[in-house]
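*Asks:* Give me a model of this one.
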Amino acid sequence: MIAKSISSRQFEIIQAAGKILSNDGVGGLTIKNLAKEMGFAESAVYRHFDSKEAIIIAMLGFLAENMDERLQKVVSNHRNAKENLEAVFNDQFTFFSKNPHFIVAVFSDGLMEASQTINASIFRIMQVKMKHLLPVIMEGQQQGFFSNAIPTEELTHIIMGSFRLLMFKWRIANFQFDISERGNYLMSNMLKIIQPCKN
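*Replies:* This next block holds a predicted model:
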């Protein structure tokens, strides 16, 4: 799927940038290295993006649109809320295990602090995830799967924060562990924590 906000050539460039990010991190992503990876002149890359920051912003924009579309499909399968919550995160783990460079972009050290635009792009991704998770958590509280002791929005923040930390650990471990296996283990424990207390 190509995001509506980018051209097919830009999509090819961010795919090549993703390969560089996966292998060499943000520091290795330069216009020179990207041109070499694609077999282009640097000027050809500059026709589409004026900096590596612009490339990362395009990647984050693609991720937000892709995530929105994927999660919309996941939560429309008429499962109960518990199954939907598990399905949302399973979908995320499957996607990121195949596309780890997006995690490098999300945790783009050194650029995040300097760029309000990158921060805004990351915030948009968080909003997309909240958009799909919040109704699932609310429904789960109404159905009795999840505790009502914590407000819906705060419970959603706790769940998202736990998984974001796992993704960050995966990133700094250079993707050396199985994110789906570790993620499912975390989900299993998370469901124990957020279930209603039994009297």
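*Asks:* Quick one: the helices in the protein, in order.
*Replies:* With DSSP state H as the criterion, the chain has helices at 8-28, 31-38, 42-46, 52-74, 81-98, 101-106, 116-143, 152-172, 179-194.
*Asks:* Just put those helices in TSV and tack on mean pLDDT and mean neighbour count.
*Replies:* The C-beta positions use only the backbone N, C-alpha and C, and glycine is treated the same way. As requested, the helices of the chain are exported to TSV (pLDDT from 0 to 100; neighbours: other CB atoms under 10 Å):
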stretch	mean pLDDT	mean neighbour count
helix 8-28	84	18
helix 31-38	88	16
helix 42-46	86	14
helix 52-74	90	20
helix 81-98	93	18
helix 101-106	86	23
helix 116-143	92	17
helix 152-172	94	16
helix 179-194	94	15
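*Asks:* right, and residue 64 touches residue 121 too?
*Replies:* Yes - with contact defined as CB atoms under 8 Å, residue 64 counts as touching residue 121 (7.3 Å).
*Asks:* where's residue 34 relative to residue 179, distance?
*Replies:* As for residue 34, its distance to residue 179 is 26 Å (criterion: CB to CB, to the nearest Å).
*Asks:* brain fart, residue 106
*Replies:* Note on residue 106: its distance to residue 179, by CB to CB, is 14 Å.
*Asks:* Between the two, which contacts overlap?
*Replies:* Each of residue 167 lies in contact with both residue 106 and residue 179 under the rule CB atoms under 8 Å, 6 or more residues apart in numbering.
*Asks:* Can you name the residues that contact residue 17?
*Replies:* Per CB under 8 Å, 6+ apart, neighbours of residue 17: 29, 34, 52, 55, 56, 59, 101.
*Asks:* Could you do residue 195 as well?
*Replies:* When the contact criterion is CB under 8 Å, 6+ apart, the partners of residue 195 are 145, 146, 147.
*Asks:* out of those, who's nearest residue 159?
*Replies:* Of all the contacts of residue 195, the one sitting nearest residue 159 is residue 146; the distance, using CB to CB, is 9.4 Å.
*Asks:* Next up, phi/psi of that closest one, please.
*Replies:* Note on residue 146: its backbone torsions stand at phi -120, psi 150 [degrees, to the nearest 10].
*Asks:* now it, nearest residue through space, not along the chain?
*Replies:* residue 140 (4.0 Å; CB to CB, 6 or more residues apart in numbering).
*Asks:* The one you found and residue 189, how far apart?
*Replies:* Distance check for residue 140 against residue 189: by CB to CB, it reads 16 Å.
*Asks:* Can you get me a residue count around the closest residue to residue 168 other than its chain neighbours?
*Replies:* Residue nearest to residue 168 in three dimensions, not counting chain neighbours: residue 107, with 6.0 Å by CB to CB, 6+ apart. The burial count assigned to residue 107 is 17, neighbours taken as other CB atoms under 10 Å.
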